[in-house]
Each structure stands twice: as C-alpha cells, then as structure tokens.
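1. output the structure for:
(one chain, ligands or ions: 1)
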Amino acid sequence: MPTPTKIDLSVLRTLHRIHRQLTDLKSRLDRGPKQIRAAEANVQHHEDLLVRTKDEAKTLRKNADQKQLQLKSNEDKVRELRVKLNGASSNREYQALLEQIAADEMAKSVLEDEILEAMERTDGFQKNIAEAEEAVKTARQKFEQVRVEVAEREPHLTADADRLEAELKTAEETLPDEVREKYRRVVRGLGEDALAVVENQYCTGCNQKIPLNMLNQVMLGQPVFCKSCGRLLYLPE
Ligand SMILES: [Zn+2]
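-> Numbering: from 1, shown residues only. Predicted coordinates for the structure are as follows:
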C-alpha cells in the first residue's frame, strides 16, 4: 500500500487566507474605475441639466422679445388710429375707430401682462442657471477628488496583490503534485471558496456533515475534498 499523500496542515489555512485577501483586494481594485465612471456620469448629468436650463431660458427670452415687438407694433397702430380719429369725417367712422382703439388697447394690456410674466420667469431661470452651474462645479470637484483618491490607492493595492500572489505561489508549491492539480481545478471553479474549514464535523462551505473517516483523514493531513461541494477541507487552528 503506498504512503498516503500528506499536506502540511497549516498550508491550507494559509492558502484560504491568501485567496480571501486577494479576492478582497481585487474587488477594491475594481471599485476604483467604477467610482471614477460614476463620478464622470454625474458630471455629464449636471452638464446636460445646465444646457437644458440655458436652452429653456433662451426660448423664454425669445418669446418675451417677440411679445415686446408685438407690443410696439400694437402701440404704433393705436397711435395711427388716434391720428385718424382726429380727422374722422363722420360720426360713424369716429365710432368705429373708437371701438378699434379700445380693442387694441385691450390687446396691449394683455400683452403687457404676458411680458411681465415672461420677465419674471426669466429672472427665475437666472436662479436655476446659477444653481445648475454650481452643481456642475461641485460634480467636477467630486470627480477630481475621486480620480486622485483612486490613483493614490491603486499602487498600494497592486503592490499588496503582487505580494500576495507571490505568497500564494510559494504556498502552492508546498502542495504535493497530485493534490495541486485538483486544488487548481477547484480554485478555477470556486475562487476563494475553493477551501473550507471543518467546524464541529461540518463543512462550513456547504453545511454538510463530514463522515468520521474523512474527518480523520483531514486530521492526518491527507487531502480531502468535500463530497458535496468539492471544497478542499482543513481544520481550524
Ligand atoms: Zn462542502
């Protein structure tokens, strides 16, 4: 009978720790570009909002200007009518002109109200534009801050990841060849969950009970993969 393969009991604990730390580091490394993209999208959102607000203000001002022109032509017309009124040749013509003037004066008063309202709304939009400009400024500052933070953080995280990768390689080299192959397969499939600690005779990866004979093998440092979830089992310290 060949001697069963034996693993240093602490190496599996070490491997699991390194895998978990690496997963954590990688997710922190991934978070950086995501944070930058989110801050960038936020800047874009506020810039769009500013453009829209300015466009609306422009339309509003154009409408007000048009109404001003209408008002002016209305005033010219009333002036002409008053001249005609002075030279009216009949009472009938005089009455008709008076009615027309009254109608135009009414239209003028409506226009004046509308212009006043449009001007008030334009003033309101000046406030909206100022707020939108402020929001763009804040979003740009935030983006810059995120960019700097991520750039400062990244080299540290990368250095830590490199150090851990080297540590992992060293630890993996201590595994017997026939175990390493199987271990690598499980790592490819499960990542940091490739290993699981046995607690109170249960696999903490899948919560299934480990038979006693298997538990003994784990204690003896033999490679045991959980029958239900495939994780490489090890004991707590
Ligand atoms: Zn399991």
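2. after the helix or strand that residue 48 is a member of, next one along is what?
-> Element membership for residue 48 (DSSP states H and E) is helix 9-86. Following helix 9-86 in sequence order, the next helix or strand is helix 91-173 (DSSP H and E).
3. sorry, back to before: what helices or strands is the helix holding residue 48 leaning on?
-> The helices and strands touching helix 9-86, judged by 3 or more C-beta pairs under 8 Å, 6 or more residues apart in numbering; DSSP states H and E, are helix 91-173, strand 195-199, strand 232-234. In short, each C-beta sits where N, CA and C put it, glycine included.
4. for the following helix or strand past the longest one, packing partners?
-> Under the assignment DSSP H and E, the closest C-terminal helix or strand after helix 91-173 is helix 177-190. In this structure, helix 177-190 makes packing contacts with strand 232-234, judged by 3+ C-beta pairs under 8 Å, 6+ apart.
5. I'd guessed residue 172 sits against residue 181; true?
-> No. Counting by C-beta atoms under 8 Å, residue 172 stays clear of residue 181, with 11.0 Å between them.
6. okay, the helices and strands packed on helix 9-86, which one's buried deepest?
-> Ranked by mean neighbour count, the helices and strands packed on helix 9-86 are led by strand 232-234 with a mean of 24 (mean count of other C-beta atoms under 10 Å).
7. what's the distance between the nearest residue to residue 191 once chain neighbours are set aside and residue 30?
-> Excluding the flanking residues, the one nearest residue 191 by C-beta to C-beta, 6 or more residues apart in numbering is residue 23, at 6.4 Å. Distance from residue 23 to residue 30, counting by C-beta to C-beta, to the nearest Å: 11 Å.
8. just residue 101 next, same as before
-> 76 Å.
9. my guess is the residue nearest to residue 191 contacts residue 193, does it?
-> No. With contacts counted by C-beta under 8 Å, residue 23 stays clear of residue 193, the gap being 9.1 Å.
10. out of the two, which sits in the busier spot?
-> Shown here are residue 23 and residue 193; by other C-beta atoms under 10 Å, residue 193 has more neighbours (18 against 13).
11. can I assume that one is in contact with residue 226?
-> No. Look at residue 193 against residue 226 with C-beta under 8 Å: they stay out of range, at 10.8 Å.
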